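Colleague: prediction below, plus the sequence it came from.
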Amino acid sequence: MIAMALTPIDLAARFGLIVLTIGMMLSVYRIVRGPERADRIVALDLLSILVTAVIVLYAVYSGQTAFMDVAIAYALVAFLGTVAFARFLERTPSKTRRPIDACDPPKQLHTQEETRD
Amino acid sequence: MHVIRPNSCTHRRKPVIELLAALLIIAGSIFGLIAAIGMIRLPDTLIRMHAATKAGTLGAGLILAGAAFFFAELGLVLRALLTLMFLYLTAPVAAHLIGRAAYRSGIDLFARTCIDHLGEDMRAESEIENNTR
């Protein structure tokens, strides 16, 4: 199957493609599962960053240098998509937040304020 | 599977450069995986954004640097640097927008969160508005 000698770059690219695919699967899991819409948008942002990395890795792996241009274009489009989703999230009606438990603030802040007086 | 490389890339690279590119690519992909694991394991949206935006961007940046070392041609290095610059310019902007929108849409904060200055300010602001009315 593998006739040619494996150079370190080939091994690294194969390793990277496998590892990043696992990362993309975990990210998709968060998109499907994520309890809030905000979680899904964050996961989509990470997914687009990982896809950019995969496109660059494929350019290295296959030697097809044209994929570098694809990576630039994809990064541009993914940013626009993320911004559009964030605007959408901000315009839709918000739910009420569960109140947080108040706790003592860090003690160092207090000592600084006291010394200022 | 025989990989055909274009003529411009068939010149012999120095093995050190190739090894450096391989190390950068491996490090970058491991950072990408760490970002994805953080996406699964971390407890709330804003904390998850920490993993997605920092570790993910660093991973993609390392892989782009590895690709730039690997291709070692002016046009391709410039393209890699352009992608890198664009990624590093837009990732913080996107993260800021998502974080702001997520907080304002009323996501639940992590149960152990105890400092929420933005929430205090927003409550004070709305109280002032109510009093002036």
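Modeller: Yep, it's here. The shown structure was predicted, so the numbers you read here are calculated from the model rather than taken from an experiment. Numbering: from 1, shown residues only, chains lettered A, B, ... in the order given.
Colleague: contacts only, for residue 42.
Modeller: Reading this off chain A. Applying C-beta atoms under 8 Å, 6 or more residues apart in numbering or on different chains to residue A:42 gives the contacts A:30, A:34, B:39, B:45, B:48, B:49, B:52, B:98, B:102. Every C-beta, even on glycine, is put in place using the N, C-alpha and C of the backbone.
Colleague: try again with chain B
Modeller: Residue B:42 sits next to B:48, B:50, B:51 when contact means C-beta under 8 Å, 6+ apart.
Colleague: just put these in JSON lines and tack on neighbour count and distance to residue B:111.
Modeller: Listed next are the contacts of residue B:42 as JSON lines, based on neighbours: other C-beta atoms under 10 Å in any protein chain shown; distance: C-beta to C-beta, whole Å:
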{"residue": "B:48", "neighbour count": "24", "distance to residue B:111": "15"}
{"residue": "B:50", "neighbour count": "15", "distance to residue B:111": "17"}
{"residue": "B:51", "neighbour count": "20", "distance to residue B:111": "18"}
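Colleague: now, which of these lie within helices?
Modeller: B:48, B:50 (DSSP state H).
Colleague: got a markdown table for the contacts of residue B:42, with pLDDT and distance to chain A too?
Modeller: Formatted as a markdown table, the entries for the contacts of residue B:42 read as follows, by pLDDT from 0 to 100; distance: C-beta to the nearest C-beta, whole Å:
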| residue | pLDDT | distance to chain A |
| --- | --- | --- |
| B:48 | 92 | 6 |
| B:50 | 90 | 10 |
| B:51 | 89 | 8 |
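Colleague: of the contacts of residue A:42, the lowest pLDDT goes to which?
Modeller: The member of the contacts of residue A:42 with the lowest pLDDT is residue A:34, and it reads 78.
Colleague: assign the spatially closest residue to that residue that is not a sequence neighbour to helix, strand or coil.
Modeller: Using C-beta to C-beta, 6 or more residues apart in numbering or on different chains and skipping residues adjacent in sequence, the residue nearest residue A:34 is residue A:40, 4.7 Å away. Using DSSP: H, G, I helix; E, B strand; the rest coil as the criterion, the local structure at residue A:40 reads helix.
Colleague: who's in contact with residue A:40?
Modeller: If a contact means C-beta under 8 Å, 6+ apart, then residue A:40 has A:30, A:31, A:34 as its contacts.
Colleague: does residue A:78 touch residue A:50 like I think?
Modeller: No. Applying C-beta atoms under 8 Å, one finds residue A:78 not in contact with residue A:50, separated by 10.4 Å.
Colleague: look at these two and report which has more neighbours.
Modeller: For residue A:78 and residue A:50, the more surrounded residue by other C-beta atoms under 10 Å in any protein chain shown is residue A:50, and the numbers stand at 26 against 20.
Colleague: and that one, what element?
Modeller: helix A:37-62 (DSSP states H and E).
Colleague: could you give me the buried positions within that helix?
Modeller: By neighbour count, and taking 16 or more other C-beta atoms under 10 Å in any protein chain shown as the criterion, the buried residues in helix A:37-62 are A:37-61.
Colleague: quick check: angle from the longest helix along chain B to helix A:37-62?
Modeller: Ordering each helix of chain B by length in residues (DSSP H) puts helix B:74-104 first. Angle between the axes of helix B:74-104 and helix A:37-62 is 170 degrees (criterion: axes from the mean of the first three to the mean of the last three C-alpha atoms, to 10 degrees).
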